[in-house]
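> Structure for this input, please:
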Amino acid sequence: EAKKAKSKRQPMGENDLSKLFSGLTRGSEDFWVTMIALYQGARQNEILQLRREDIFRERGTWVISFHDRFEDNSLKTESSVRVVPIHSQLIKLGLLDWLAGIGTDKRLFPSATLGIYGNYSQTYSKHINAVFRGLRVTRHFHSLRHSFRDACREAEVPNDIADYLGGWSGPSSVSRSYGSLEVS
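I've put the predicted structure just below:
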């Protein structure tokens with residue numbers, strides 16, 4: 001079982017990432033959901049429930065607020081509530097320009113519908129994983145979260161900061177099993 005579970009925890013490889021960057025329509029909802037997952041380490045449902053007001057400047061820094069303040073928002077754990085800086089690569093890719101052009105709808109990704117279990121990822125995950133298969137990406141969407149955790153390790157981001165950024169909890173966090181790099 002342990003070996004089987006570990007095989008599910010693989011990050012996106014360079015080949016798959018290249019397919020995503022070249023295959024997803026730049027500026028589309030699928031593009032931004034994928035890029036936010038890759039660069040912020042956020043869970044799919046956390047991203048899909050984002051509203052325009054959840055992205056703002058705080059003390060000169062652009063941030064994203066992941067929360068469960070609204071009735072249609074849900075988070076996996078208490079530690080999932082967080083306000084984190086937006087990765088500079090997302091800004092370079094044009095996230096702020098995209099936000100300026102989409103208007104003020106309640107949610108950033110209105111094509112994702114609320115599933116019967118009260119989350120947006122239930123139906124969207126089928127859609128995005130089909131998109132990934134169409135691009136011949138070998139990993140699933142959740143592999144982006146594992147890629148983020150590996151990137152934190154490679155950049156020597158302290159575990160407590162990486163845990164906060166990704167919404168993982170505590171020193172015995174499951175985040176230690178994310179990605180493919182050895183945990184020291």
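
> When you work out contacts or count neighbours from here on, use the C-alpha atoms and nothing else.
OK.

> Next, name the residue at the spatial heart of the protein.
Per Cα atoms, centre = their mean, the C-alpha nearest to the average position across the chain is that of A37, at 2.1 Å.

> Hmm, R43 and it touching each other?
Yes. Taking contact to mean Cα atoms under 8 Å, the distance of 6.6 Å between A37 and R43 places them in contact.

> Tell me the residues that contact both of those two, please.
Here A37 and R43 have R145 as joint contacts, going by Cα atoms under 8 Å, 6 or more residues apart in numbering.

> where's the helix or strand where the residue nearest to the centre of the chain lies relative to the chain centroid, distance-wise?
With elements taken from DSSP states H and E, the one containing A37 is helix 29-40. With Cα atoms, centre = their mean, to the nearest Å as the basis, helix 29-40 stands 6 Å off its chain's centre.

> go on, stretch 129-143?
On the basis of Cα atoms, centre = their mean, stretch 129-143 sits 14 Å off its chain's mean C-alpha point.

> Mind naming the longest helix for this protein?
helix 121-134 (DSSP state H).

> what's the distance between the helix or strand following that helix and the middle of its chain?
The helix or strand immediately downstream of helix 121-134 is helix 143-154, counting by DSSP H and E. Going by Cα atoms, centre = their mean, the spacing between the C-alpha centre of helix 143-154 and its chain's C-alpha centre is 11 Å.

> Paired strands for the longest strand along the chain, with orientation please.
What stands out as the longest strand in the chain, according to DSSP state E, is strand 61-66. Looking at strand 61-66 with DSSP bridges, its paired strands and their directions are strand 55-58 (antiparallel), strand 82-85 (antiparallel).

> contacts for stretch 21-35?
Residues outside stretch 21-35 that contact it (Cα under 8 Å, 6+ apart) are Q44, I47, L48, L90, L95, W98, F109, S111, I128, L135, F141, L144.

> Just the buried ones from those residues, in PyMOL syntax?
The PyMOL command for the buried members of these (criterion: 16 or more other Cα atoms under 10 Å) is given here:
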select buried, resi 44+47+48+90+95+98+109+128+141+144
